[in-house]
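Visitor: Return atomic coordinates for the entry below.
(one chain, ligands or ions: 1)
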Amino acid sequence: MKVAFTGASGMLGYDIKNIFTDVELVPLTRRDLDITSLDKSVTAIREAKPDYLIHAAAHTDVDGSELDPDKAYLVNGIGARNITIACEEIKCPIIYISSDYVFDGTKEGSYNEWDKPNPINTYGLSKLLGEQFVTMLTNRFYIARTSWLFGRNGKNFVDTIIKLLAGRDEIDVVNDQFGSPTYTYDLAMKLREIIGRGYGIYHITNSSHCSWHEFAVEIANIKGINKKINPATSDKFKRPARRPSFSVLGNTMLKLEGIKELRHWKEALKDYLSQ
Ligand SMILES: NC(=O)c1ccc[n+]([C@@H]2O[C@H](COP(=O)([O-])OP(=O)(O)OC[C@H]3O[C@@H](n4cnc5c(N)ncnc54)[C@H](OP(=O)(O)O)[C@@H]3O)[C@@H](O)[C@H]2O)c1
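Guide: Numbers count the residues shown, from 1 in each chain. This is a model prediction of the structure:
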């Protein structure tokens, strides 16, 4: 089996490489293929001729997307359109990686795959636009929504907190936004498992949830860092993009399909930090 994937030099791309060792992999970096070009997308995917394509490339700068919305729409929306058209031409199923930020975070409880998206920031809207292109242009799709990613090969909250704590005696972290931290290694493992199963939308996150503050406290605990981490409300941090307050994704489709859910985020975090 041949699996191509975009975003090969990104954080999730790194772990796709680590996990998909039983298939022939075709990594596609931005240098191999700029997804904003339809021609280049069609040519590259026609040449690679994969059996499946994981579309992990994205413009992931949430605040930057607010300042330059067209860039987000172009890369996350049009980019997904181009990759889907290219996949459809060779009848290759696409696995589109999407985000908890397609939801507004006002539901009481976790989001199911069939809940109605309603993004409250440009990044979320651009990822939803990508989802819409995918579902409009092919029947052969998986949409894997995930959240709060951390992993070895990219800028992430875990590394940021460790760096901040190294340089300061105390830090403030928001305690009114909740989500499920997810290790890219675990996500890549589950992507490997769902390929070949029923098409559709899957929520894939590590189990359980927390606030960013609880997440930071756990990072410090595991690292044995004894500094003050103060809970703070979002309004203390003026940021260009609004964030949903409760964007926890229920992994309902995995459950219904009898696929084992992912381990607890604390266990995944311990694993990440031990390496
Ligand atoms: N990070 C999170 O917390 C999070 C949460 C939910 C969902 N997601 C989704 O999960 C997926 C993977 O995220 P990640 O954190 O691994 O992302 P990442 O580390 O930022 O990697 C994204 C990759 O996309 C590539 N890319 C950007 N523009 C491109 C273009 N025009 N053409 C080709 N490649 C392009 C980048 O290439 P360069 O290396 O050349 O810049 C980068 O390697 C994304 O779809 C993201 O939306 C992420």
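
Visitor: Doesn't E218 lie inside a strand?
Guide: No. The secondary structure assignment for E218 gives helix rather than a strand, going by DSSP: H, G, I helix; E, B strand; the rest coil.

Visitor: shouldn't it be in contact with L269?
Guide: Yes. Taking CB atoms under 8 Å as the definition, E218 is a contact partner of L269 at 6.3 Å. C-betas here are computed from N, CA, C, even on glycine.

Visitor: all helices in this structure, in order from the N-terminus.
Guide: 11-19, 38-48, 62-67, 69-72, 79-89, 122-137, 157-167, 184-194, 212-223, 252-256, 265-273 (DSSP state H).

Visitor: Okay, buried residues for the fifth one please.
Guide: Read that as helix 79-89. Of the residues in helix 79-89, those buried by neighbour count under the rule 16 or more other CB atoms under 10 Å are G79, A80, R81, N82, I83, T84, I85, A86, C87, E88.

Visitor: Over to the fourth one?
Guide: Neighbour counts over helix 69-72 (16+ other CB under 10 Å) mark K71, A72 as buried.

Visitor: contacts for it?
Guide: Contact with helix 69-72 is made by H59, G64, S65, T122, Y123, L125, S126, as judged by CB atoms under 8 Å, 6 or more residues apart in numbering.

Visitor: ok, the closest residue to the ligand within the stretch 151-275 of the chain - contacts?
Guide: Minimum separation of the stretch 151-275 of the chain from the ligand (CB to the nearest ligand atom) falls at G154, amounting to 3.8 Å. If a contact means CB under 8 Å, 6+ apart, then G154 has G10, M11, L12, Y14, T184 as its contacts.

Visitor: how about the residue nearest the centre of the chain, what does it touch?
Guide: Within the chain, the residue whose C-alpha comes closest to the C-alpha centroid is T146; the distance, by CA atoms, centre = their mean, is 4.5 Å. With contact taken as CB under 8 Å, 6+ apart, T146 is in contact with I97, S98, S99, D100, T182, L187, H203, I204, T205, L249.

Visitor: what about the third one, distance to the ligand?
Guide: Distance of S99 to the ligand, computed by CB to the nearest ligand atom, to the nearest Å: 4 Å.

Visitor: What score does Q275 have for pLDDT?
Guide: Listed pLDDT for Q275 reads 87.

Visitor: Quick check: chain neighbours aside, which residue is closest to it?
Guide: If you skip the residues right next to it in sequence, Q275 has R152 as its closest partner in space, 7.4 Å away by CB to CB, 6 or more residues apart in numbering.

Visitor: Could you check how many residues crowd around that neighbour?
Guide: 15 (other CB atoms under 10 Å).

Visitor: pretty sure it is touching L12, no?
Guide: No. Taking contact to mean CB under 8 Å, the distance of 10.5 Å between R152 and L12 leaves them out of contact.

Visitor: Give the residues shared as contacts by these two.
Guide: T184.

Visitor: and the protein, which residues reach the ligand?
Guide: Counting by CB under 6 Å from any ligand atom, the positions of the chain adjacent to the ligand are 6-7, 9-13, 30, 34-36, 56-60, 75, 79, 97, 99, 127, 146-149, 154.

Visitor: Strands - which of the residues you listed land there?
Guide: Cross-referencing those with the strands (criterion: DSSP state E) gives T6, I97, S99, T146, L149 as the overlap.

Visitor: In a markdown table, list those along with pLDDT.
Guide: Compiled in a markdown table, those are given as follows (pLDDT from 0 to 100):
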| residue | pLDDT |
| --- | --- |
| T6 | 98 |
| I97 | 98 |
| S99 | 98 |
| T146 | 98 |
| L149 | 98 |
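
Visitor: In PyMOL, how would I select the buried members of those residues?
Guide: Those of these that meet the burial criterion (16+ other CB under 10 Å) are gathered into one PyMOL selection, given here:
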select buried, resi 6+97+99+146+149
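
Visitor: Out of the contacts of helix 69-72, who's the most crowded?
Guide: Neighbour counts for those (other CB under 10 Å) peak at S126, which has 28 neighbours.

Visitor: For that residue, give me its contacts.
Guide: With contacts taken as CB under 8 Å, 6+ apart, S126 has the following neighbours: H59, S65, P69, A72, Y73, V75, N76, G77.
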